[in-house]
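Trainee: need coordinates for the below:
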Amino acid sequence: MLMSPIALTNTHSVGVVRDALIAAEIRERSSTDIFWGLPVVGETWDGILNDVNGQHVKAEHVFEALACAKGGVVAEGNVGGGTGMICHGFKGGIGTASRVLPPEAGGYTVGVLVQANQGRRERLRINGVAVGEAIPPSKVPLPGAPRPSQTGGGSIIIVIATDAPLLPNQLDRLAQRAGLGVARVGGTGEHWSGDLFLAFSTANRGIPPSHAAETSPLTVNLTMLSNTYINYLFDAVIEATEEAILNAMLAAETMHGRDDIVAHRLPPDLLLEVMGLH
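Mentor: Below you'll find the model as predicted:
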């Protein structure tokens, strides 16, 4: 059971974000509650643009993020945990995309959110076009001095949400397909990558959590999507992952980071020209 919001941050801020999620939960509970929690926090490293060792993320930032959480359009680009991220040598960050399955497959929704911080410039592909080769560093410079991650790296976090009723093993299979979406954009899970894929379902709610064992019935009923129809979900995850990574780069703005290091955005007009759409 997922017991907390899923928080995304940078590598050296995992601890403070984890503690803040616990503190936020305690605030919402009665002082007599016996509570334990297992918060979920993911990270990617933003040390090229950010003074990551300064540990500037504080608990109040987490509280603010929780207070501002709402439905509707999701902010993308240089926001939240994605603020200092770099993707395929361009400014990266947060990206989202979604798909709705056809009625014959249940009409379920699949949403994907990425914190894109991965990939080499020369491998960037969009709809099969070798965009990274067509926009080399001589046209749009890479951020900072050459570093190992430019020859093999960076990381990406992908969170997949669906209202399809899936069991844990099915969600594992869904999460695995995110890697295929990364590959379509040119990511290869390089040596320096720390790629994290997580999938959860909002179906089957109302099942008593394990720490309420004394009030739990002996058995509970679950609904499970037949695996006959799971390929529709696989397709949706792959397509939405690919689109979310592209959205992260296009929504991002050029950023001037620490030590005058600049990460340039993927220029939309230049991208259209390379794709033959301008």
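
Trainee: can you give me the helices in this structure?
Mentor: 14-27, 59-68, 131-134, 148-152, 168-185, 230-251, 268-274 (DSSP state H).

Trainee: tabulate those (TSV), appending mean pLDDT and distance to residue 203.
Mentor: Where you see a C-beta, it was placed from the backbone N, CA and C, and this is true even at glycine. Putting those into TSV (pLDDT from 0 to 100; distance: least, C-beta to C-beta, whole Å) gives the following:
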stretch	mean pLDDT	distance to residue 203
helix 14-27	95	23
helix 59-68	96	23
helix 131-134	97	37
helix 148-152	51	38
helix 168-185	97	11
helix 230-251	98	12
helix 268-274	96	37
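
Trainee: most neighbours per residue, which of those?
Mentor: helix 230-251 (a mean of 23; mean count of other C-beta atoms under 10 Å).

Trainee: what helices and strands are in contact with it?
Mentor: Applying 3 or more C-beta pairs under 8 Å, 6 or more residues apart in numbering; DSSP states H and E, one finds that helix 230-251 makes contact with strand 86-87, strand 93-100, strand 109-118, strand 154-162, helix 168-185.

Trainee: mind putting these into TSV with distance to residue 277?
Mentor: Formatted as TSV, the helices and strands packed on helix 230-251 follow (distance: least, C-beta to C-beta, whole Å):
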stretch	distance to residue 277
strand 86-87	21
strand 93-100	19
strand 109-118	22
strand 154-162	26
helix 168-185	18
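
Trainee: excluding residues flanking it in the chain, which one is nearest residue 267?
Mentor: residue 140 (6.8 Å; C-beta to C-beta, 6 or more residues apart in numbering).

Trainee: and residue 219, how far from residue 261?
Mentor: Residue 219 is 57 Å from residue 261, where distance means C-beta to C-beta, to the nearest Å.

Trainee: neighbour-wise, which of the two wins?
Mentor: More crowded of residue 219 and residue 261, by other C-beta atoms under 10 Å: residue 261, with 15 against 6.
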